[in-house]
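[1] can't give you the sequence, but here's the structure:
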């Protein structure tokens, strides 16, 4: 999308009714993000997907400073050009206090950014934090795992960083949930329904079959919108053999925009996906 198109979108009153907005793979720059952040029509927005664009710290800072983003529960900025400055701006923003899912994969964040997120009193609702493919070491990992503000974080996704065995051991206790199956899985879900979104996405990332009970439970909760948005954004990361299963997750009469986007990225016809 051109900068003019983004500005026009940001100025449209129709945005006021939108809760989920995906603008990934659009070559959006900081100027476009600033236009969105300054739009008074973004107050109902719950999820914003800006992955794989040309956004730097200036764009992240604009989002962090926006008084119109206070309802945002899911923010995807993966595969951009964000450094510690952008991560720190997000961490220090009271406007980001509703976030449950924050994706900063494939950026340029180091321990300084990770520590800022760990020390943030505004990130207490986070359940999912993606920091794959950054420049984080054990120091950043320890800060995240030991943070009293991130007690609700089920599992920080930190693969492909500069983490040693000590760092991996520090987060291993948060991954026990993902090895559960059958009755043990059912019991874990009953004990804490907040596990649903994280379990479904990690199962797919690991190439595991998502058990029917997990998907059925997920579809009946508010977390399903987070999952659909994540699945759309991560279309290329779903293994080939699991594409049919992933498509089956999109209800036939709902989430059609996400289904269409997923199909485009996996070179699957929409007709094939619907039948």
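    Received, thanks. Quick caveat, the model's predicted, so the values are computed rather than measured.
[2] So the residue lying closest to residue 39 once chain neighbours are set aside versus residue 1, what's the distance?
    Once flanking residues are discounted, residue 39 sits nearest to residue 10: 4.1 Å by C-beta to C-beta, 6 or more residues apart in numbering. In this view, the C-beta of every residue, glycine as well, is placed from N, C-alpha and C. Separation of residue 10 from residue 1 (C-beta to C-beta, to the nearest Å): 11 Å.
[3] Hmm, residue 25 and residue 261 touching each other?
    No. Using C-beta atoms under 8 Å, residue 261 makes no contact with residue 25, being 9.0 Å away.
[4] Next, the contact list for residue 135, please.
    108, 109, 110, 161, 162 (C-beta atoms under 8 Å, 6 or more residues apart in numbering).
[5] Quick check: bridge partners of the third one?
    Read that as residue 110. Beta bridges link residue 110 to residue 135 when assigned by DSSP bridges.
[6] which ones are touching it?
    83, 84, 134, 135, 136, 137, 140.
[7] For ChimeraX, write the selection for the buried entries among the residues you listed.
    A single ChimeraX command selects the buried members of those (16 or more other C-beta atoms under 10 Å):
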select :83,84,134,135,136,140
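[8] ok, so of the contacts of residue 110, who is nearest residue 47?
    Nearest to residue 47, judged by C-beta to C-beta, of the contacts of residue 110 is residue 134 at 21.9 Å.
[9] pLDDT value on the nearest residue to that closest one once chain neighbours are set aside, please?
    Among residues not flanking residue 134 along the chain, residue 109 sits closest, at 4.2 Å (C-beta to C-beta, 6+ apart). Here, the pLDDT recorded for residue 109 equals 97.
[10] Any idea how many residues pack against residue 109?
    By other C-beta atoms under 10 Å, 26 other residues sit near residue 109.
[11] Equivalent analysis for the one 3 residues further on, please.
    Residue 112 sits with 16 neighbouring residues when counted by other C-beta under 10 Å.
[12] Now do the helix or strand hosting it: which elements does it pack against?
    Taking DSSP states H and E as the definition, residue 112 sits inside helix 111-118. On a contact count with 3 or more C-beta pairs under 8 Å, 6 or more residues apart in numbering; DSSP states H and E, helix 111-118 meets helix 84-91, helix 138-146.
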